[in-house]
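Visitor: Structure for the following, please:
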Amino acid sequence: MMPGDRPMSETQNNLPAVRADVWLWAARFFKTRSLAKQAIDGGKVDVNGMGCKPAKALHVGDRLQIGRGEERFEVTVLALSEQRGPASAAQALYRETQESLAAREAARAQRRLGASGLLRPPTRPDKQARRLIRKFKDEQS
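Guide: Numbers count the residues shown, from 1 in each chain. Take a look at the predicted model:
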């Protein structure tokens, strides 16, 4: 253990454990621990197929289902950490299942196809175009 590192909490059977909200923050699934706690309280995170609370002790080998916006992750805990580090270190804390990767890729492709029908202008409207847009909207109401 490095100087300044906090020791990981341990459960009754002396296996190392970390709070779920702290691990999700350290693994960079959420930007702040508060957001991780809100996601857990909102039912967006399951541990081993069951709901959990922010203080739930995570152990190596636990399976998490994480919902973040439109994305769904299914990961296995490979390592525990209570400190947020660089992204490369965070990715070493978990392994995403192949089914989860395939589902996220399929959802990404579906969103891309759905948005392909939208014709977006190459630039933002200038002053004259904004006036025309306002005039058009006023005529519609």
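Visitor: use CA for all of it now, contacts and neighbours both
Guide: Fine.
Visitor: Which pLDDT value does the model give residue 15?
Guide: For residue 15, the model assigns a pLDDT of 74.
Visitor: For the longest helix anywhere in the chain, which outside residues touch it?
Guide: Ranked by residue count, the top helix of the chain under DSSP state H comes out as helix 98-115. The contact list for helix 98-115, computed with CA atoms under 8 Å, 6 or more residues apart in numbering, reads 71, 72, 73, 74.
Visitor: The last one: neighbour count?
Guide: What it means is residue 74. Residues lying near residue 74 (other CA atoms under 10 Å) number 20.
Visitor: One more: the first one?
Guide: Neighbour count of residue 71, defined by other CA under 10 Å: 13.
Visitor: returning to that earlier point: for residue 85, state which of the contacts of helix 98-115 is nearest.
Guide: Nearest to residue 85 out of the contacts of helix 98-115 is residue 73 (CA to CA; 20.2 Å).
Visitor: hang on, that closest one in a strand?
Guide: Yes - under DSSP: H, G, I helix; E, B strand; the rest coil, residue 73 falls within a strand.
Visitor: And residue 37, how close does it get to residue 127?
Guide: In this view, residue 37 and residue 127 are 44 Å apart by CA to CA, to the nearest Å.
Visitor: What average pLDDT does stretch 115-135 get?
Guide: Across stretch 115-135, the average pLDDT comes to 86.
Visitor: Dump it to CSV, keeping only the CA atoms.
Guide: The C-alpha coordinates for stretch 115-135 follow below in CSV (Å, rounded to 0.1, in the frame of the first residue of the first chain):
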residue,chain,number,x,y,z
ALA,A,115,-30.1,10.0,-37.2
SER,A,116,-29.0,9.6,-40.8
GLY,A,117,-32.4,10.9,-42.0
LEU,A,118,-31.8,14.2,-40.4
LEU,A,119,-30.4,16.9,-42.7
ARG,A,120,-28.3,19.2,-40.6
PRO,A,121,-27.0,22.4,-42.0
PRO,A,122,-23.2,22.6,-42.3
THR,A,123,-23.0,25.7,-40.1
ARG,A,124,-25.1,27.6,-37.6
PRO,A,125,-27.7,30.0,-39.1
ASP,A,126,-26.5,33.6,-39.6
LYS,A,127,-28.5,36.7,-38.6
GLN,A,128,-30.6,36.7,-41.8
ALA,A,129,-31.4,33.0,-41.6
ARG,A,130,-32.4,33.3,-37.9
ARG,A,131,-34.8,36.1,-38.9
LEU,A,132,-36.3,33.8,-41.6
ILE,A,133,-36.7,31.0,-39.1
ARG,A,134,-38.4,33.3,-36.6
LYS,A,135,-40.7,34.6,-39.3
